[in-house]
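Novice: pasted the sequence and its predicted model underneath.
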Amino acid sequence: MTILTIIIALIVLSFATYYITKINNQVGAYTTVVVTLAALVIFLLEGDKLSGASSIGILRFSVTPLAWFFSIIMLIVYSMVAFFNPYWMKKILHPGAYNMLFLLSLAGTIGVFFAENFIVMFIFWEIVVWASMFIIPFGKSRTASVVYYAMSTFGSFTFLYAIFMLYANYGTFVIKDSLEAAKGDANIAIAAFILMLLAGFIKLGIFPFHIWLPMAHGNAPDTFSPILSGGLVKLGAFLTILITTLLPIHEVTKDQAYIFGVPILIYVLMIFGAISIVVGTLMAIKQDDAKKLLAYSSVANGGYILIGILLYDEMALSGALIHIFGHAIASATAFLTIAAVSYRTGTTKMSELGGMIHKMPITYVVYLMAIISMAGIPPMTGFISKWLLFQALADQGMFFIATTMFFGSIGSFLYVFRPLSVLFLGQLKPEHKTVKEAPIGMLIPMVILSGITLFYGVLPNSLVEYTAKIESALGFDKVIETSALVIQGNNGDLHAPLITGIFAFGFIIALIIFLIAPKSRKVGLMDTYTAGEFLYTPSLYHAGYAYYAPFERLYQKHPNIVALFAALVQKVKDFGKFIRFVFFSRWPGRGVMFIILTMILLMWGEKL
Amino acid sequence: MAKKANIKKDKVKKIVIDKSKSIIDAPSGMFSDKINEPFAHEMIVSKDRSENLTPKQRKRKWKSMANYFSANSLWMLMYCTGCCAIELPQAMTSRYDMERLGMGPMATPRQADILLITGYLSLKTLRRLIYTYEQMSEPKYVVGFGPCTLNGGIYHDSHAVINQLDQYVPIDLYIAGCMPKPEAVMNGFQDLIDLIEVGEATGWKDYHARYEWYKQNQKEALGEVMIHDEFHE
Amino acid sequence: MTITITDFLVAFGVAFCGWALQTSVSGITRKTVARMQKRYGPKWYQNFRDIFKLLNKRAITHGWVYDFGVIMALAGIIGTAMFTPVANIVVFKGYDNFFVFVYLFAVGMLGMAMSASGSGNPLASIGVMRALTQMVGYEVPFMVIVLALIHVRDTSSISALVDIQQASGWNLVVMPIGTIVGFICLMGMLGKKPFDTYIAPAELASGPMVEYGGKQLGMLMIMHEIATFVEISLFVNLFLGGGSNILEFLVKYFIVYTLASYVSNVLGRFKIDQVVTFYYKIPILLALIQAGMLVIFGWGV
């Protein structure tokens, strides 16, 4: 099978799904499951030996390890999320359109990854943007979609401008050739780099373009939020990796002044990543909506990924790639658990929930494993990537960037713990007494995703080896080294199975102590220490609202970037009013005058 | 262990009140881990049961390490209802230093081993006291301070105060005095430790054994609550 | 290097001895603090008595996560202690990475936090919230200091850092400011006053511990002792040159713990927002200055 066949098949099937869904909702939804799973199986079976040979005109594809790696992440996320679609068919306004766009956006992402030239990449990029733009308003809000589209359009324009700039100068659309050619002229290369990076920044949700993420993630249908966070955001990371390594930007900028051992441009870009980490962390801590919280955590993780890519050494890139993988899986899992809770209770607001563990224990365990990975705690994938990133940071001695990264890393304990404590633990509200565990169709994908997170946390070597392969394909002189079970860093080794083994050993010891001691007596949740007071209303006895109030108070008067964008919007509106005042007034004479003036200018033509 | 406990008991029996020293400037036993005997005076009304140990009981006591640990690490929950509570700070701080007996104040009933009831109990507080007592983890002990817990004390004819606390929760030890002086408090605690070491402080077992009886008494005193919400109990 | 079951047993021996050591040392400290307050104080083995008493009690449980969290907490901390290099006993040489310490330690903390929240008591949730907030305070300056240290020493293995210090002088001399910051952060890690905001017995009824009694509390006490052992050992290994023999290590260990306890006994308690603002004013500034001195100028190396 060639990439072209797969993409065309996906596009055709997406339209077919629309009509299938028109006939029967459930069949249509299960079609998405089958199609995505089939695509995943094909990709896994063929490996990165997939052929990119066939082409139609300019639609050319090339298969690289990087593209394969990203498409596998995307396919895992899409196929697992697709299991949720059947349950949402009744809740979504236009199920047919939803299923069609779901598959179309998948075709788009695969097209972006394997595109050989910028034009194809841009076309598929736009397909993804448009498909997801139409899905988002199926959820709660239309404004979210507008903001998302406005941001994306800005990115698309800069991207397109860069493409044509490169074409104008070097006469080729082919990604490798044009970037290779741009290497000679530093000014053009840097301009194209920044313009393209803007598109990447917007998709990845880097400050100051992060505001669309919480709006879109928070308001999209519950089944599409995992795709946005786990999949589509990673498109930005893909573009960033591609242009950073193929150019490569460190060689282009080597004439610039250096700061902490990196060119100043790179350092400035890293600062944007660092700001994203801090802003994402601080904003995530104060969210009450679980989906918005996870969306802001995606902003923070986007910052890690950006810094990892820009550090540009084999450990950092490997760390960034594994972080993309780990975060995509973990974040999708976390969103799915929230979706499952929302399916059963109808809300994602944490203060309205509580004690869900007593009704949905498996969902709870899945969420727990996801957040262990997101917080970078062993034995999960998130730990491996964080370890690699910290190693690279320590190696390059960038302590200012590291400070923000440590802050984000410890801060992530805070925000990931909030849903755990407020939503899953604590007092069960009386109105949720009848809630049941999520249906089996939802549990299967969640458990599979947790299994993946755990597996690559315990045995990360195959993953690390593949990142080494990607690095050598991208032209790195030195790639990350692994031996049997050990990852060799620049200043230390990581033995992931040993850590797991020791944890298991400790667990056995603790379990033995627990079992030897006398058996405990089971008491109810309301039988807790109340200073002798009698309480009967569980919702009054649950610390759920404003969980981190003392911490939030410390930065409640923070400047808000949304205000800046709002001011911009206001300026545009004022300008529009001015135009309307001038051209479309009640006095037709003014309009006629302008038309005549314009015509005179036009007739004057070139001579003016 | 048995021997030591007996010796302590003997010493308690042979009380010699040294009247030459006033209580205020008495040496507080700062650097001794035993109670200063001259001040363990006659106000103690502990149930002195360790005298009548049978050999079998002694043997069991030797076996039972659990009692040793329970006795020497008593964490208190202070239910400071009445005036007797004012004597506890002195017993805790430098002058009498309760910590040398392994005792210390705790924040919640879950963590605590002994419940100190320091004075009279109104019906409203009795309900809360029972709730708190039932939340404690076993083994647990209760110490009643002053005459109010024994027979109502000066509040014996009040309509709102219960007279005999051991009708409602099992009491392991009373400490007499209105209020009991810190010396008496310390001596009472030493007695409680001895009782626990020999496995004689079995109030919590009694609560299980005669649960119906206790519940009946509680219900008679408190009446039944019909509406269960935050405002009716 | 191959890892055998013997390594695991020796490592567990380290963890066990660490527990016994810390429990005794904290008992001795209780005694000396009592003497300072003109009290007699408890026996030096009082903490052992407390732990065994608790393990003997018949406790309550609030559901499986309440128990599971406690086991996970103890497991994480035992695991961390098994990695700890003590003087010349280094079991997993090369794999005792600093970042492994930080994050494996977090497993224990997460377990405890989970269990405490699982009890359903809002006071426990508030305590956990404070503990996590405090963590944001103390971890960042500490990790910045250690990052600079790793950068100049080119290794993140604790035992290798100890070896370098044995050869070329303690980090106390190389980075005096960093050591001060490290000590302030250590106080936060240990939860000693003024950073015991999350326990706050009179305010939160001992915070995360509010619902524990019996064996769960006993296991958390064991966990607390081992965690203290890990933290103090980490400080001794990172800044005071570890120890060439056990005795040297023990002396340093004793001094650091006693000093931390004495400092804590003469201070009051911060509010939680004060804790965060404190750490983000002085220690982080000092940490960045020290990191700059080491990384940019290479002073003292």
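Specialist: On my side now, so go ahead.
Novice: closest residue of the stretch 151-300 of chain C to chain B?
Specialist: For the stretch 151-300 of chain C and chain B, the shortest gap (C-beta to the nearest C-beta) falls at C:G213, measuring 3.6 Å. In this view, the C-beta of every residue, glycine as well, is placed from N, C-alpha and C.
Novice: mind checking pLDDT for that residue?
Specialist: Listed pLDDT for C:G213 reads 84.
Novice: can I assume it is in contact with B:M136?
Specialist: Yes - counting by C-beta atoms under 8 Å, B:M136 is a contact partner of C:G213 at 7.4 Å.
Novice: now list whatever residues contact both of these two.
Specialist: B:P109, B:R110, B:A112 (C-beta atoms under 8 Å, 6 or more residues apart in numbering or on different chains).
Novice: just the element for A:M593, please.
Specialist: Assigned by DSSP states H and E, A:M593 belongs to helix A:588-604.
Novice: if you rank the shared contacts of C:G213 and B:M136 by neighbours, which is first?
Specialist: Neighbour counts for these peak at B:R110, which has 27 neighbours (criterion: other C-beta atoms under 10 Å in any protein chain shown).
Novice: got the phi and psi for the closest residue in space to that residue that isn't next to it in sequence?
Specialist: Closest residue to B:R110 apart from its sequence neighbours, by C-beta to C-beta, 6 or more residues apart in numbering or on different chains: C:G213 at 3.6 Å. Main-chain dihedrals, C:G213, degrees, to the nearest 10: phi -160, psi 160.
Novice: between C:G213 and B:M136, who's got more neighbours?
Specialist: C:G213 (29 against 23).
Novice: next, the spatially most central residue of chain B: secondary structure please.
Specialist: The centre of chain B sits closest to B:V143, judged by C-alpha atoms, centre = their mean, with a distance of 2.0 Å. Going by DSSP: H, G, I helix; E, B strand; the rest coil, the secondary structure assigned to B:V143 is strand.
Novice: if I look at it, how far off is B:S73?
Specialist: 16 Å (C-beta to C-beta, to the nearest Å).
Novice: check the burial of the nearest residue to B:T81 once chain neighbours are set aside by counting its neighbours.
Specialist: Using C-beta to C-beta, 6+ apart and skipping the chain neighbours, the partner closest in space to B:T81 is B:G119 (4.9 Å). The tally of other residues near B:G119 (other C-beta under 10 Å) stands at 25.
Novice: tell me, how many residues neighbour the closest residue to chain C within the stretch 1-150 of chain A?
Specialist: In the stretch 1-150 of chain A, no residue comes nearer to chain C than A:I73, which is 23.3 Å away by C-beta to the nearest C-beta. Using other C-beta under 10 Å, A:I73 has 25 other residues around it.
Novice: which residues does stretch A:472-481 contact?
Specialist: With C-beta under 8 Å, 6+ apart, stretch A:472-481 has contacts from A:64-66, A:241, A:245-246, A:248, A:313-315, A:317-318, A:388, A:464, A:467-469, A:471, A:487-488.
Novice: can you pull the buried residues of that stretch?
Specialist: Residues A:A473, A:L474, A:F476, A:V479, A:I480 are the ones in stretch A:472-481 that count as buried (16 or more other C-beta atoms under 10 Å in any protein chain shown).
Novice: what strands line up against the helix-or-strand element of chain A with minimal mean pLDDT, and which way round?
Specialist: Lowest on mean pLDDT, DSSP states H and E among the helices and strands of chain A sits strand A:481-483, with a mean of 78. Here strand A:481-483 is paired, per DSSP bridges, with strand A:486-489 (antiparallel).
Novice: and the partner strand, average pLDDT?
Specialist: Strand A:486-489 carries an average pLDDT of 80.
Novice: next: stretch A:121-139.
Specialist: 87.
Novice: now pLDDT, distance to A:L393 and secondary structure too, for the buried residues of stretch A:472-481, in a markdown table please.
Specialist: Output for the buried residues of stretch A:472-481, formatted as a markdown table (pLDDT from 0 to 100; distance: C-beta to C-beta, whole Å; DSSP: H, G, I helix; E, B strand; the rest coil):
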| residue | pLDDT | distance to A:L393 | secondary structure |
| --- | --- | --- | --- |
| A:A473 | 86 | 25 | helix |
| A:L474 | 84 | 21 | coil |
| A:F476 | 81 | 18 | coil |
| A:V479 | 79 | 19 | coil |
| A:I480 | 79 | 15 | coil |
